[in-house]
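>>> coords below, sequence missing:
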């Protein structure tokens, strides 16, 4: 039995088969196979979240205003809280720095000073957390 068939309404010599539908059932030029498909300019969740994080806000630095993304504002506020002495904020900032690799691969000249200082800060923060039972 032959797999190639001729369609009743097709041109002579045109075989109907895989990837070659009958001419009568093909989409007409200018029409879509999914006419009510995804609307133009619709956004998925990842795009919506990216836009929310990258939207600009005004922040005050000293006596001037500066426009930064929302995610940058969150990081700056977290760092500011850590510098004011909030332990949780400090741990979050240190964790962010570790995840980004900022506490690794220091320059050889300053590696001992930076590493020693970093270790002292970490030990102090861990001691404070242990005392509080967290």
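Structure received. Being a predicted model, the structure only gives us computed values, none of them experimental.
>>> Wait, a helix at residue 40?
No - counting by DSSP: H, G, I helix; E, B strand; the rest coil, residue 40 is located in no helix; its state is coil.
>>> Pull the number of nearby residues for it.
When neighbours are defined as other CB atoms under 10 Å, residue 40 has 5 of them. In this view, the C-beta of every residue, glycine as well, is placed from N, C-alpha and C.
>>> Kindly report the same for residue 42.
Neighbours of residue 42 (other CB under 10 Å): 8.
>>> so what's it scoring on pLDDT?
In this prediction, residue 42 carries a pLDDT score of 88.
>>> For this protein, give me the ranges with low pLDDT.
Flagging of the chain using pLDDT under 70 yields the residue ranges 1-11, 105-114, 134.
>>> same thing but 90
Applying pLDDT under 90 to the chain flags residues 1-16, 19-42, 61-62, 94, 97-134.
>>> ranges for the strands of it?
56-61, 64-69 (DSSP state E).
>>> Which elements pack onto the first one?
The criterion is 3 or more CB pairs under 8 Å, 6 or more residues apart in numbering; DSSP states H and E, and the helices and strands that strand 56-61 contacts are strand 64-69, helix 70-83.
>>> Single out the most deeply packed of the ones you listed.
helix 70-83 (a mean of 15; mean count of other CB atoms under 10 Å).
>>> and the helix ranked longest in the chain, how far out from the chain's middle?
Longest helix of the chain, by residue count under DSSP state H: helix 111-132. Centroid separation between helix 111-132 and its chain, computed with CA atoms, centre = their mean, to the nearest Å, is 31 Å.
>>> Same check on stretch 15-29?
42 Å.
>>> Would you map out the domains in this protein?
Following automatic domain parsing, the chain resolves into domains at 44-84, 85-134.
>>> Please tell me how far residue 57 sits from residue 48.
From residue 57 over to residue 48 the distance is 17 Å, taken as CB to CB, to the nearest Å.
>>> Brilliant, that's me finished.
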